[in-house]
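S.K.: Requesting a structural model of the entry that follows:
(one chain, ligands or ions: 1)
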Amino acid sequence: MVNSFHEIETPFFILDKSKLDQNINQLKNALNTYWPNYIIGYSFKTNALPWLLKYLQRCDFYGEVASSDEYCLAVATGYPCDQIIYNGPVKNEETFIEALMNGAIVNIDSKLELDWLNSLLEKTYQQFKVGLRVNFSIEDFCPDDIGYEKDGTRFGFSLETGELYRVIDRLLATGRIQIAGLHLHSTSQTRSINVYRQLAKIACKINDDTGLVFDYIDIGGGFFGGVPNKPTFSEYLSAISQELKKNFDVTKTKLILEPGSAIIGSPISFLTSVIDVKDTKKSRIVTIDGSRVNIDPLMRKSAYSFNVSTHQTVRKINPKQIICGFSCMDLDRLMILNNSHVLDVNDRIMFNMVGSYTMSLNPLFVNFFPPVYIKDGDCLELARRKMSINDYLQIGNSVG
Ligand SMILES: Cc1ncc(COP(=O)(O)O)c(C=O)c1O
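M.R.: Numbering: from 1, shown residues only. I've put the predicted structure just below:
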């Protein structure tokens, strides 16, 4: 246990437990207000830090997994099979069957899974419950939110071509399959409330068209959480429940949410130190010991929430400082500071709200994975040590 992060060698991630708890509580409070019959499935892909997965399991979250590897990770980190939501088109047959036989929520997303299900029906006399991922042109209803206006989105069985209803008819005709739910996750660029209103409306339309009463409507993830001036959980859930209540009874149909970013984006920061400052003909280059690959692996961000701490007593202003990462890519430039205090070697820059799609997308590029600390009150606990050469060699030598 360490008492101050000033004592710790940079770079490292810090997970602030009080902020995590705040996101969890705010989400549960909103659900209890607007749809008290619910399941929260944490999206593993957003950040699968084992400490976090175990902690959320103890907070009654289910694990939302999207591959056989993530499924096995859920089992290994303590999620009982009937508290796993198994999504995505890249399951494998073994874990698909294991999940179905042991009460996981399985949302089918590919024709291959329908073939596996048919073979399973031939081998057993059991009844099974499945959910189906729905594909519809949400981008036409929310043109400013989704993207893919020309080509449409890719996941699920198409409502508009009639494929979804053909699949439903085929499964019901077996007499041993219950269509337990609909999976409606849609990634949006804006995380706008309007997207969820549309998803809920589509669930109602499918209920109108088929007369099926579902055990659950899985509205997916993609929410904001803990971010100032953005929609709150209450605002999302008020809109969702307003629509869903038109067709579904809260006592009969569970609402499933699959948040990732909304839970873990805001509680994680990344602390770095300045390791070099130099002037070129055109700019002042400030190099830090963290990289864009740590906190912007998809190279999309143009701004960060950050704080600087310095030992300098007299602070001058510099018109333009370019903050660059440790890697040898020239594009490893995090931000430009205009007319701000001069940075010097050993000054520290803390990047805030960098918990989602960062650690899970970190490459092993130039430096191995940095450590992760949990901040609980005044104490810091090491949750993941810095990846060592031996860890790396073990990955490389695992065959033979
Ligand atoms: C099926 C599914 N559920 C949940 C999520 C989590 O999304 P977010 O981290 O934006 O909340 C994703 C992310 O792509 C997803 O594909």
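
S.K.: Distance from stretch 35-49 to the middle of the chain?
M.R.: 9 Å (Cα atoms, centre = their mean, to the nearest Å).

S.K.: Can you give me the end-to-end span of that stretch?
M.R.: For stretch 35-49, the first-to-last residue distance is 29 Å (Cα to Cα, to the nearest Å).

S.K.: roughly how far out does the helix or strand of the chain with the lowest mean pLDDT sit from the chain middle?
M.R.: In the chain, no helix or strand scores lower on mean pLDDT, DSSP states H and E than helix 138-141, which sits at a mean of 85. Here helix 138-141 is found 22 Å from its chain centre; the criterion is Cα atoms, centre = their mean.

S.K.: for it, which positions count as buried?
M.R.: The neighbour-count check on helix 138-141 (16 or more other Cβ atoms under 10 Å) flags 138-139, 141 as buried. (Glycine included, C-beta is placed from N, CA and C.)

S.K.: Closest one to residue 360 out of those, please.
M.R.: residue 138 (24.8 Å; Cβ to Cβ).

S.K.: Quick one: residues contacting the closest residue to the closest one other than its chain neighbours.
M.R.: Nearest non-adjacent residue to residue 138, counting by Cβ to Cβ, 6 or more residues apart in numbering: residue 186, 5.1 Å away. Contacts here follow Cβ atoms under 8 Å, 6 or more residues apart in numbering; on that basis residue 186 touches 138, 146, 153, 195, 199, 220, 222.

S.K.: Please apply the same query to residue 393.
M.R.: Residue 393 touches nothing, counting by Cβ under 8 Å, 6+ apart.

S.K.: measure it to the ligand for me?
M.R.: Applying Cβ to the nearest ligand atom, to the nearest Å, the value for residue 393 to the ligand is 32 Å.

S.K.: Secondary structure element for that residue, which one?
M.R.: Using DSSP states H and E, residue 393 sits within helix 389-396.

S.K.: gap between that helix and the chain center?
M.R.: With Cα atoms, centre = their mean, you get 27 Å for helix 389-396.

S.K.: CA atoms only: put that helix into PDB for me.
M.R.: Extracted C-alpha coordinates of helix 389-396, given in PDB (Å, rounded to 0.1, in the frame of the first residue of the first chain):
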ATOM      1  CA  ILE A 389      10.100  -8.700 -19.500                       C
ATOM      2  CA  ASN A 390       9.300 -12.100 -18.000                       C
ATOM      3  CA  ASP A 391       5.500 -11.600 -18.500                       C
ATOM      4  CA  TYR A 392       6.200 -10.700 -22.100                       C
ATOM      5  CA  LEU A 393       8.600 -13.600 -22.700                       C
ATOM      6  CA  GLN A 394       5.900 -15.900 -21.300                       C
ATOM      7  CA  ILE A 395       3.400 -14.700 -23.900                       C
ATOM      8  CA  GLY A 396       6.000 -15.100 -26.700                       C
END
